[in-house]
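Visitor: Need the 3D shape of this:
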Amino acid sequence: MRVVGGATRVRFFLGGKVKARFVVPLLAAGALLVPAATASAAAAPSGSTGRAVARTAAFPVWCTFQGEKPFQVTHGGPLYAQGHYTGCSTPAPDQCRVQVDLQEYVRDGYWRAVKHKDSGWTNCSGRYTTPGLTCVHDGEKETYNTQVTLQVEYHGRFSEPGIADTHNTVIDC
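Guide: Below you'll find the predicted structure:
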């Protein structure tokens with residue numbers, strides 16, 4: 001877990017897919033945001049995919065969103081990043097916002113987003129895929145991963161954004 005600019009980022013790397021589960025606590029009337037200090041992280045049970053959880057003692061409302069390793073549909077074709085919802089609590093959030101980024105490793109632990117898909121605030125279901133990154137095939141292999149960010153809203157209250165990364169794909173692209 002790492003705190004960056006006041007936001008808590010929780011990342012788990014397990015297998016080729018990462019699940020991110022984010023919780024919106026129901027707070028006292030008038031409170032809209034959950035402070036980062038109240039969030040905590042818990043690993044998923046052994047043998048399952050990763051899961052990031054933000055929770056307080058209040059009633060949880062959540063969804064899970066799973067990112068997939070970057071992939072090509074055809075050999076030599078564009079590179080894509082994608083993720084999809086795998087479930088929500090009952091009651092479900094009123095709306096969700098998910099962002100999927102295809103990231104390229106730059107150096108020294110730094111990544112940059114090369115393609116981006118933002119769902120906007122919408123219903124909490126579906127699959128989201130970035131536009132394709134055209135591969136140049138110059139003989140040099142680059143490293144890519146998928147980063148997913150999920151935020152949920154319930155009765156005007158918003159969760160902290162949860163962020164999860166997949167394992168890397170090394171490819172000549």
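
Visitor: residues of stretch 166-173 that come out buried?
Guide: Residues of stretch 166-173 classed as buried: 166, 167, 168, 169, 173 (neighbour count, 16 or more other C-beta atoms under 10 Å). All C-beta spots, glycine's among them, are computed from the backbone N, C-alpha and C.

Visitor: C-alpha coordinates for that stretch, CSV please?
Guide: Taking Å, rounded to 0.1, in the frame of the first residue of the first chain, the C-alpha atoms of stretch 166-173 are listed here in CSV:
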residue,chain,number,x,y,z
THR,A,166,-2.2,-6.7,-13.7
HIS,A,167,1.0,-8.6,-14.4
ASN,A,168,3.1,-7.4,-17.3
THR,A,169,3.1,-8.3,-20.9
VAL,A,170,6.5,-8.1,-22.7
ILE,A,171,6.1,-7.7,-26.5
ASP,A,172,7.6,-6.1,-29.6
CYS,A,173,5.0,-3.4,-30.0
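
Visitor: what does that stretch contact?
Guide: With contact meaning C-beta atoms under 8 Å, 6 or more residues apart in numbering, stretch 166-173 is reached by 13, 15-18, 67-72, 79, 105, 133, 135-147.

Visitor: how about 6 Å then?
Guide: Stretch 166-173 is contacted from outside by 16, 18, 67, 69-70, 79, 135, 137, 141-146, using C-beta atoms under 6 Å, 6 or more residues apart in numbering.

Visitor: what residues are up against residue 137?
Guide: residue 172.

Visitor: Which helix or strand contains it?
Guide: Assigned by DSSP states H and E, residue 137 belongs to neither a helix nor a strand.

Visitor: And for residue 85?
Guide: Element membership for residue 85, per DSSP H and E: strand 79-88.

Visitor: Mind giving me the packing neighbours of the helix or strand following that strand?
Guide: Using DSSP H and E, the helix or strand that follows strand 79-88 towards the C-terminus is strand 95-107. Contacts defined by 3 or more C-beta pairs under 6 Å, 6 or more residues apart in numbering; DSSP states H and E place strand 95-107 against strand 60-72, strand 79-88, strand 110-118, strand 142-154.

Visitor: As JSON lines, those with distance to residue 96 would be great.
Guide: Listed next are the helices and strands packed on strand 95-107 as JSON lines, based on distance: least, C-beta to C-beta, whole Å:
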{"stretch": "strand 60-72", "distance to residue 96": "6"}
{"stretch": "strand 79-88", "distance to residue 96": "8"}
{"stretch": "strand 110-118", "distance to residue 96": "12"}
{"stretch": "strand 142-154", "distance to residue 96": "5"}
